[in-house]
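Asker: turn this into a model:
(one chain, ligands or ions: 2)
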Amino acid sequence: MPVCTGSKNLPYRRNDHFTMLLLLLLVASIATVRSSCECTSYTLSGSRRLTSNVEFYTAESDTIGDKYIRPKRHERIDVQKYIEERSVGSSNADSECVTDQVHLTLGDTSDSVVISFASTLIDSESIVKYSTNKDSFESGGNFHKATGVSTSYSELMYIVGNLYNPTMGVPEGNLSEIIKVENTSVWAYDHQTGDHYANYYNINPSNFKTGFMAYNNPYAYYDSPILHTVTLSNLDIGVEYYYVVDGNCEIFSFTIPKNKYPMQIGLTVDLGQTSVSAASIAALEAINPDLVLLPGDLSYSDGYPYLWDSFGTLIQSLASKVPLLTTAGNHEFGLAENTLSHRIRYPTPYIGSSSTNFCYYGKVVGAVNVISLCSYGGWDSNSLQYQWLSNYLATSIDRDETPFVIAIMHAPWYNSNNGHWMEAELMRKSIEPLLYEYGVDVVLSGHIHCYERSAPVYNNTVDSCGPTYLNIGDGGNYEGTYVDWRTQPDWSEFRESSFGIGELTIYNETHAYFQWHRVACESDSPGAPNYNMNFSTTCHSPGDISAYPMATSDHVWIAKPSVDVCANRYMTSPSPSSNSNSNSNSNGYNPSSGEISLIVLTVIFGVVIIVLSILLFRAYKLLNALNGTERTFQESVSPFTKKGEGKV
Ligand SMILES: [Fe+2]
Ligand SMILES: [Fe+2]
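Answerer: Ligands and ions are numbered 1, 2, ... in the order given. Predicted coordinates for the structure are as follows:
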């Protein structure tokens with residue numbers, strides 16, 4: 001019956017429209033919620049800064065360029081000479097003992113360490129023998145053997161002025177030696193024709209240049225030694241292990257720190273490789289630490305990679321026996337470094353904390369949870385670092401296991417020196433609330449080449465529930481001390497322009513004791529011994545206008561207020577997990593509570609739309625059925641019915 005056919009077809013087409021309408025409404029609602037929730041994990045990095053809600057701080061910033069005076073530099077140490085004098089690494093004098101730069105860090109799992117060492121022999125192997133018995137390495141003894149991986153790299157040298165013309169002290173090399181690197185005129189031509197090759201460079205003092213050397217100048221290539229990395233796993237925590245690396249005749253030892261008290265942590269930043277650096281390393285060894293934290297500006301190689309090798313040799317005496325946790329500073333990022341040498345030579349346990357970036361990670365060690373942040377990575381709420389940190393804090397803080405949480409980063413959030421003043425302000429504004437919410441106890445930074453300790457502080461206001469900030473950028477770098485201080489803020493409790501190291505002792509679940517030990521000051525005596533440094537006990541860096549220019553030490557209890565006063569300082573992750581990524585989706589991203597609410601609203605909105613659509617559809621069907629019956633009746637009697645219609 002045509003009428004019936006027509007009346008059936010119409011509702012089916014309308015049904016398609018309803019389905020389309022329903023889908024459009026759902027898509028629109030989801031799109032609306034996605035845009036309003038700023039689904040950060042999918043935002044392109046190119047638009048990241050535009051979506052930031054962090055305001056730029058401008059007050060007084062214009063005056064810094066005029067006021068800040070760059071400090072004098074002092075010379076690097078002769079590492080080989082220093083080592084010979086200390087008889088450290090003397091075993092390498094033996095022709096069979098050819099590897100060095102032995103150092104270790106903690107592995108991705110709680111029962112592993114990573115041992116790194118370097119060799120220039122092509123047949124050297126990535127092998128470490130280890131045992132709890134020092135005598136095991138004698139013939140016939142029982143020991144474990146671990147095999148790792150090796151790599152090497154080539155890099156174009158980058159020349160900065162301090163290599164040949166430091167402000168103070170003896171240069172790394174003289175100008176004529178540097179010119180020899182740039183000058184290829186002695187060979188880059190055809191002896192018969194006199195034609196110059198493409199890599200012909202006739203260099204003299206008048207056209208000498210700093211910066212990158214020419215890529216086609218073979219003199220400018222740096223070849224690293226073979227860099228071995230071996231992971232020892234399934235170790236007993238708190239047990240001393242002895243080990244021997246392939247090609248090195250010395251027996252080293254280490255212990256993975258146990259969760260026991262007291263726990264001793266050595267702190268240093270901006271270490272470098274000067275005579276002061278050596279004094280800082282010796283001071284760190286003297287406190288017999290379980291762990292050393294070194295957040296940035298390690299070697300001051302500055303694109304001249306040979307200095308990574310000498311730094312590795314210098315720090316071996318400490319880092320071959322104490323695990324070292326590092327992150328990158330500006331001297332690892334800048335001056336053609338781009339973190340290449342740092343990443344390869346000083347690995348970090350970032351994979352174990354579900355990070356994808358070696359510069360930021362978390363690591364439980366003994367009684368502390370160390371959170372490394374990257375001063376030179378993204379920090380706003382769209383950034384991977386922020387998302388990773390949010391996830392780590394939400395899943396990996398267990399105060400029963402680690403009562404103290406320590407954050408490390410290179411550039412400080414709290415600094416009252418004109419040197420690098422406010423450089424990290426945007427990062428502070430973005431990330432400080434997260435650290436406060438989870439009750440981070442101590443924040444260690446450097447970058448400012450002096451020492452400063454804060455009171456517990458949050459948002460520039462003294463707050464007993466906030467972290468204590470320690471700036472120890474005075475490890476021994478070649479740039480000298482920063483002496484130009486601003487008016488001392490309320491939160492600044494101690495500051496001095498000299499060199500030193502930190503000692504943090506965790507005594508129990510609520511009390512830690514911090515000490516800063518001065519190792520040297522700068523000297524204003526031209527040509528003074530020790531590269532213009534002053535190691536006397538009464539030294540005073542010239543021009544230091546800090547609050548405590550003569551103090552040889554600083555010490556303070558870092559105690560947690562009671563849980564009634566500062567619940568955040570006892571905060572355990574709401575979703576603790578042995579796998580910090582267990583609550584993440586495949587992108588390692590956890591939505592915030594606000595975003596979860598929006599998702600719930602989306603679902604409710606969608607359900608309401610579906611129910612309304614069904615009701616409308618049913619109402620329409622009912623009306624249509626009534627109309628159809630009426631039309632059928634009318635058409636059956638209509639004089640305009642065509643011939644043959646109206647019959648089945
Ligand atoms: Fe530095
Ligand atoms: Fe720095």
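
Asker: low-confidence stretches in this structure?
Answerer: The chain contains residues with pLDDT under 70 at 1-96, 165-173, 525-531, 577-607, 625-648.

Asker: around ligand 1, pick out the residues from it.
Answerer: Neighbours of ligand 1 within the chain, by CB under 5 Å from the ion: 270, 297, 477. For glycine as for every other residue, the C-beta is placed from the backbone atoms N, C-alpha and C.

Asker: phi, psi for the second one please.
Answerer: So the one you mean is residue 297. Phi and psi for residue 297, reported as degrees, to the nearest 10, are phi 60, psi 70.

Asker: so who does it touch?
Answerer: 269-272, 329-332, 410, 446-447, 473, 475, 477 (CB atoms under 8 Å, 6 or more residues apart in numbering).

Asker: and the nearest residue to it once chain neighbours are set aside, how many neighbours?
Answerer: Leaving out its chain neighbours, the residue that sits closest to residue 297 by CB to CB, 6 or more residues apart in numbering is residue 329, at 3.7 Å. Applying other CB atoms under 10 Å, we find 32 residues neighbouring residue 329.

Asker: go on, residue 400?
Answerer: Residue 400 has 10 neighbours, counted by other CB under 10 Å.

Asker: swap in residue 509?
Answerer: Residue 509, neighbours per other CB under 10 Å, totals 14.

Asker: can I assume it is in contact with residue 402?
Answerer: No - using CB atoms under 8 Å, residue 509 is not in contact with residue 402; the gap is 9.8 Å.

Asker: just to revisit the earlier point, mind putting the contacts of residue 297 into JSON lines with secondary structure?
Answerer: Shown next, in JSON lines, are those (DSSP: H, G, I helix; E, B strand; the rest coil):
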{"residue": "269", "secondary structure": "coil"}
{"residue": "270", "secondary structure": "coil"}
{"residue": "271", "secondary structure": "coil"}
{"residue": "272", "secondary structure": "coil"}
{"residue": "329", "secondary structure": "coil"}
{"residue": "330", "secondary structure": "helix"}
{"residue": "331", "secondary structure": "helix"}
{"residue": "332", "secondary structure": "helix"}
{"residue": "410", "secondary structure": "coil"}
{"residue": "446", "secondary structure": "coil"}
{"residue": "447", "secondary structure": "coil"}
{"residue": "473", "secondary structure": "coil"}
{"residue": "475", "secondary structure": "coil"}
{"residue": "477", "secondary structure": "coil"}
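
Asker: closest one of these to residue 185?
Answerer: Closest approach between those and residue 185, by CB to CB: residue 331, at 33.0 Å.

Asker: grab the nearest non-local neighbour of the closest one.
Answerer: Once flanking residues are discounted, residue 331 sits nearest to residue 297: 4.5 Å by CB to CB, 6+ apart.

Asker: so residue 540 makes contact with residue 550?
Answerer: Yes - if you go by CB under 8 Å, residue 540 and residue 550 touch, sitting 5.4 Å apart.

Asker: between these two, which one's more packed in?
Answerer: In this view residue 540 and residue 550 are compared by other CB under 10 Å, and residue 540 has more residues nearby, 18 against 14.

Asker: and the gap between that one and ligand 2?
Answerer: Relative to ligand 2, residue 540 is positioned 24 Å away (CB to the ion, to the nearest Å).

Asker: what do you get for residue 617?
Answerer: 67 Å.

Asker: equivalent analysis for residue 309, please.
Answerer: 21 Å.

Asker: residues in contact with that residue?
Answerer: Residues counted as contacts of residue 309 (CB under 8 Å, 6+ apart) are 101, 118, 224-225.

Asker: what is the nearest of the contacts of residue 297 to ligand 1?
Answerer: Nearest to ligand 1, judged by CB to the ion, of the contacts of residue 297 is residue 270 at 3.7 Å.

Asker: my read: the closest one touches residue 471, true?
Answerer: No - using CB under 8 Å, residue 270 is not in contact with residue 471; the gap is 9.8 Å.

Asker: joint contacts of those two?
Answerer: With CB under 8 Å, 6+ apart, residue 270 and residue 471 have common neighbours 446-447.

Asker: looking at the two, which has the bigger crowd around it?
Answerer: Set residue 270 next to residue 471 and count neighbours by other CB under 10 Å: residue 270 wins out with 32 against 29.

Asker: ok, now which ones touch that one?
Answerer: Contacts of residue 270 (CB under 8 Å, 6+ apart): 296-297, 329, 446-447, 449, 472-477.

Asker: between these, which has the most around it?
Answerer: In those, the most neighbours by other CB under 10 Å go to residue 474, 34 neighbours.

Asker: ok, and the closest non-adjacent residue to that residue?
Answerer: Of all residues not flanking residue 474 in the chain, residue 499 sits nearest, at 4.4 Å (CB to CB, 6+ apart).

Asker: please name the bridge partners of that neighbour.
Answerer: With DSSP bridges as the criterion, residue 499 is bridged to residue 520.

Asker: please apply the same query to the one 5 residues further on.
Answerer: Per DSSP bridges, the residues bridged to residue 504 are residue 265, residue 514.

Asker: what's near enough to touch it?
Answerer: 264-265, 267, 406, 442, 512-515, 558.

Asker: looking at the residues you listed, which one is closest to ligand 1?
Answerer: Checking those one by one against ligand 1 (CB to the ion), the nearest turns out to be residue 267, at 14.8 Å.

Asker: state the distance from that closest one to residue 500.
Answerer: 10 Å (CB to CB, to the nearest Å).

Asker: which neighbours do those two have in common?
Answerer: Counting by CB under 8 Å, 6+ apart, the shared contacts of residue 267 and residue 500 are residue 472.

Asker: OK, contacts around the residue nearest the centre of the chain?
Answerer: Averaging the C-alpha coordinates of the chain gives a centre point, and the residue nearest to it by CA atoms, centre = their mean is residue 359 (2.6 Å). Residue 359 sits next to 327-328, 339, 348, 350, 372, 374, 376-377 when contact means CB under 8 Å, 6+ apart.

Asker: now the residues you listed as TSV including secondary structure?
Answerer: Shown next, in TSV, are the contacts of residue 359 (three-state DSSP):
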residue	secondary structure
327	strand
328	coil
339	coil
348	coil
350	coil
372	strand
374	coil
376	coil
377	coil
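
Asker: whichever of these end up buried, select them in ChimeraX.
Answerer: Only the buried entries of the contacts of residue 359 go into this ChimeraX selection, using 16 or more other CB atoms under 10 Å:
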select :327,328,339,348,350,372,374,376,377
